[in-house]
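> kindly return the folded structure for what I paste below:
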Amino acid sequence: MASVPSKAPLVAEPVWKAEDIPAFPGIALKALQLIAGRDTSLLELCNLIRADAAFSAAILKIANSPLVAFSKNITSVLQASMLLGFRRLKSVVVTVGLRDYLKAPFSPLQRSCWRHSAACAMIAERAATWSKLDRDFAYTAGILHDIGRVAMVTTMPDTYARVLEKDADRPQDLLAREQELFGVDHAQAGVAIVRSWNLPGAFLEIASKHHGEGMRCAGTASVIAPSCMLADVLGFGMMKYRGLRSYGEIVKTFPVATWEQFPREAEEFAAEITGELRVIEAV
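Okay, the predicted model is just below:
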């Protein structure tokens, strides 16, 4: 009997395109573009915030929260803007924008995605501060490092839930699964979004390299990949990886100047990050 020729594996057509995703909140997008130095007006950003009731309320709540700890009550967006400062204000606006982009109240999948991004930002901000790098850029880069996955979860939550059905040894296993189901992985999707939204070029490196093995970033960007891994090991991941390194091992992948600054115990650091997340989630 003649043998039946084996069928070539089917290649899935891409089912996700950057141009099909919802637009990022305009105020947050403006803040991101300001990072590129296209504008330097604190008043302009403040006026954009004041024109949006939801953003105004969120900024005031954060300005009056334990995260900022001003000595007096902040009663206006202009006052909050002046006290926070231009660079910090941009970071807060991007954080609120990402939260709103995921359309709170979150589904469990959206909440996991949000918490991972925010935890990565908080860790990266600390590491950058300890290393005397740009803490504001580190925070914003941490918030946006997974913007490709945020978009996938937002636009196709049922499909992304299938990505997480199988166990994984490491994040690269999820990238392969995303390729199967979406035609792209979230790093590639992030690059497409950065270009589609005309964001500063620095975010291209962040989006593309935060899971890349052997891919080293320079300067402030160097803290993003280890911050992503540390967020996972502290319990702020989309799933638990079987092959993830220990807390102490990941800490040693940060710049040497930061090693002694990290809390000694993972549980202590996780509790610290959880407290900050709860403040933002209550806004």
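
> use CA for all of it now, contacts and neighbours both
Will do.

> what about Phe106, neighbour count?
When neighbours are counted by other Cα atoms under 10 Å, Phe106 registers 14.

> can you pull the buried residues of the longest helix anywhere in the chain?
The longest helix of the chain (DSSP state H) is helix 108-130. Burial within helix 108-130, assessed by neighbour count using 16 or more other Cα atoms under 10 Å, is assigned to 109-130.

> count the neighbours of the residue nearest to Leu244 when sequence neighbours are not counted for me.
Nearest residue to Leu244 in three dimensions, chain neighbours excluded: Arg170, at 6.2 Å (Cα to Cα, 6 or more residues apart in numbering). Using other Cα under 10 Å, Arg170 has 17 neighbouring residues.

> so Arg170 makes contact with Met238?
No. The criterion here is Cα atoms under 8 Å, and Arg170 misses it with Met238 at 11.6 Å.

> below-threshold pLDDT in the stretch 51-200 of the chain: ranges please.
104-105 (pLDDT under 70).

> secondary structure class for Asn73?
Of the three states, Asn73 takes coil according to DSSP: H, G, I helix; E, B strand; the rest coil.

> quick one: the nearest residue to it once chain neighbours are set aside from Asp136, how far?
Leaving aside its sequence neighbours, Asn73 sits nearest to Asn64 (Cα to Cα, 6+ apart; 6.2 Å). Using Cα to Cα, to the nearest Å, Asn64 is found at 20 Å from Asp136.

> compare the two (neighbour count), which wins?
Asp136 (22 against 18).

> what sits against the more buried one?
Taking Cα atoms under 8 Å, 6 or more residues apart in numbering, we find Asp136 in contact with Arg87, Arg88, Ser91, Glu125.

> now do Arg99
Contacts of Arg99 by Cα under 8 Å, 6+ apart are Trp114.
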